[in-house]
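[1] below are the sequence and a predicted model for it; my questions follow.
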Amino acid sequence: MAHIVVMGAGLGGMPAAYDLRKALGKSHQVTLVNASEHFQFTPSNPWVAVGWREPEQILVPIRPYVEKKGIRFVAQAVTKLEAQANRLTLANGETLSYDYLVIATGPKLAFDEIAGLGPERHTVSVCTTPHAQHAHGAYQDFLKNPGPVVIGAVQGASCFGPAYEFAMILDADLRKRRIRDRVPMTFVTSEPYIGHMGLGGVGDSKGLLESELRQRHIKWITNAKVLEAAVDGVKVAEHNERGEAVKEHELPSRYTMFIPAFKGVDPVAAVEGLTNPRGFVVVDEHQRNPKYRNVFSAGVCVAIPPVEATPVPTGAPKTGYMIESMVTAIVENIKAELEGRTPSAKATWNAICLADLGDDGVAFVALPQIPPRNVTWAKQGKWVHLAKVAFEKYFLRKMKTGTTEPIYEKYVLQALGITRLKES
């Protein structure tokens with residue numbers, strides 16, 4: 001009997017545990033390890049921050065649902081990974097040995113790389129549900145004395161969609177409250193242009209998102225490095241196409257939200273030969289680490305090079321559809337190894353995103369993620385907003401019933417009017 005441990009219970013880890021359990025049958029043990037007792041649906045965090053969702057609506061208790069499927073659940077943070085010894089050390093001092101390890105931890109949020117950044121300092125975040133709860137509390141205080149707002153994504157960020165979403169959602173909420181005219185808004189991003197998204201643009205994403213920002217009276221600064229965040233404002237350096245600082249901006253702000261750069265989590269980043277310098281897990285085309293052949297990885301914690309060089313550093317995003325395809329490949333490859341076959345499954349690294357804009361939305365498809373592409377388009381409409389609301393309910397239901405099907409391919413592609421994405 002082999003013991004497969006899944007480290008992390010997010011958008012990649014929960015489906016991985018469910019799919020491994022079904023694919024491997026009762027002859028092998030599957031254990032899911034997560035620091036929290038709850039799964040959180042990260043894409044809904046911007047709604048939590050403005051009060052459109054209560055945290056309880058997007059949280060799922062993990063234990064009763066996975067144990068019902070025969071998956072052991074351990075609610076402890078991992079403090080040490082000994083890849084040579086095939087062993088994890090947990091926060092309570094216990095150790096957990098494995099035959100195969102699937103790392104799906106998500107990122108470490110690198111707030112410490114910029115002075116004043118983060119919920120512990122002077123900016124709010126929508127990266128986790130607890131962060132979104134904190135952002136909602138700060139928003140309630142802000143509404144008592146509204147003023148300038150700054151929202152964006154810092155240098156090295158690789159997740160730009162939530163920044164755009166939050167800016168537009170905040171705009172929509174302020175208009176509903178009839179106080180938008182009292183809130184000047186500035187969008188600050190490390191992208192070389194609006195709509196770059198860390199993908200080199202997708203279809204007419206530049207035109208679509210610039211139009212949205214103009215329509216909503218949101219100013220923007222691109223090629224930006226955030227130098228410092230203070231309680232009453234942000235200092236930003238704007239750069240030219242050669243990466244040279246050409247202007248410094250001191251932006252007043254009473255409510256500031258930035259997506260930080262990401263790093264690998266500490267116990268994973270500490271393993272020599274497992275990760276790149278930022279702590280992201282290095283994988284081959286089969287989602288397996290080249291040095292530790294029994295270690296696989298999926299999701300934001302995987303090392304993916306930037307799509308292109310930009311004047312201010314930007315990273316490549318890992319969207320839900322891409323993460324799902326990574327998980328599918330990992331499950332097939334572990335099963336193949338256990339059956340004495342050579343792993344051959346590969347993930348389809350395609351980017352598909354439903355971006356909610358509060359009362360509108362934009363859908364992006366990049367096939368493959370790195371250009372040149374076979375398919376590249378962006379479409380806008382209220383239907384995207386409605387599709388994302390429905391998808392939230394669909395995904396949370398699947399986390400309770402135990403998904404063993406490609407959620408994104410079944411739901412998101414149908415919402416986009418695409419029946420199937422071929423291999424690129």
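    Nice, I can see it.
[2] against residue 367, how distant is residue 81?
    To residue 367, residue 81 is 34 Å away according to Cβ to Cβ, to the nearest Å. Backbone N, C-alpha and C define where each C-beta goes, glycine included.
[3] all strands for the stretch 201-350 of the chain, in order.
    Along the stretch 201-350 of the chain, counting by DSSP state E, counting those that start in this stretch, strands occupy 218-221, 224-230, 233-239, 245-252, 255-259, 262-263, 295-297.
[4] make a markdown table from the ones you listed and add mean neighbour count to it.
    Output for those, formatted as a markdown table (neighbours: other Cβ atoms under 10 Å):
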| stretch | mean neighbour count |
| --- | --- |
| strand 218-221 | 18 |
| strand 224-230 | 21 |
| strand 233-239 | 20 |
| strand 245-252 | 13 |
| strand 255-259 | 25 |
| strand 262-263 | 22 |
| strand 295-297 | 28 |
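[5] more neighbours: residue 81 and residue 367, which one.
    Higher neighbour count among residue 81 and residue 367: residue 81, with 24 against 21, using other Cβ atoms under 10 Å.
[6] and residue 64, its phi and psi?
    Main-chain dihedrals, residue 64, degrees, to the nearest 10: phi -60, psi -30.
[7] so what's it scoring on pLDDT?
    pLDDT recorded at residue 64 is 96.
[8] residue 285: how many residues sit nearby?
    By other Cβ under 10 Å, the residues close to residue 285 number 12.
[9] that one - nearest residue in space that isn't next to it in sequence?
    For residue 285, ignoring the flanking residues on the chain, the nearest one in space by Cβ to Cβ, 6 or more residues apart in numbering is residue 346 at 5.2 Å.
[10] I'd say that neighbour and residue 326 touch.
    No: Residue 346 lies out of contact with residue 326 (Cβ atoms under 8 Å); the separation is 9.6 Å.
[11] who has more neighbours, those two?
    Each of residue 346 and residue 326 has its neighbours counted (other Cβ under 10 Å); residue 326 has more, 26 against 17.
[12] quick one: residue 198 is in a strand?
    No: using DSSP: H, G, I helix; E, B strand; the rest coil, the assignment for residue 198 is coil, not a strand.
[13] what's near enough to touch it?
    Taking Cβ atoms under 8 Å, 6 or more residues apart in numbering, we find residue 198 in contact with 157-160, 191, 306-307, 314-317.
[14] before we move on, back to that, mind listing what the residue nearest to residue 285 touches?
    Counted by Cβ under 8 Å, 6+ apart, residue 346 has contacts 285-286, 329.
[15] ok, it to residue 152 distance?
    35 Å.
[16] residue 294 too?
    Residue 294 sits 40 Å away from residue 152, going by Cβ to Cβ.
[17] among these two, which residue is more densely surrounded?
    Neighbours per residue, other Cβ under 10 Å: of residue 294 and residue 152, the larger number sits with residue 152, 27 against 16.
[18] for that one, which non-adjacent residue is closest in space?
    residue 188 (3.5 Å).
[19] work out for me the element that neighbour sits within.
    In this assignment (DSSP states H and E), residue 188 forms part of strand 185-189.
[20] between strand 245-252 and that strand, find me the angle.
    Between strand 185-189 and strand 245-252, the angle comes out at 140 degrees (axes from the mean of the first three to the mean of the last three Cα atoms, to 10 degrees).
[21] now for strand 185-189, which elements pack on it?
    Contact here means 3 or more Cβ pairs under 8 Å, 6 or more residues apart in numbering; DSSP states H and E; on that basis strand 185-189 packs against strand 149-153, helix 161-176, strand 218-221, strand 224-230.
[22] now those as CSV including mean pLDDT and distance to residue 92?
    Below are those laid out as CSV (pLDDT from 0 to 100; distance: least, Cβ to Cβ, whole Å):
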stretch, mean pLDDT, distance to residue 92
strand 149-153, 98, 36
helix 161-176, 97, 33
strand 218-221, 98, 46
strand 224-230, 98, 35
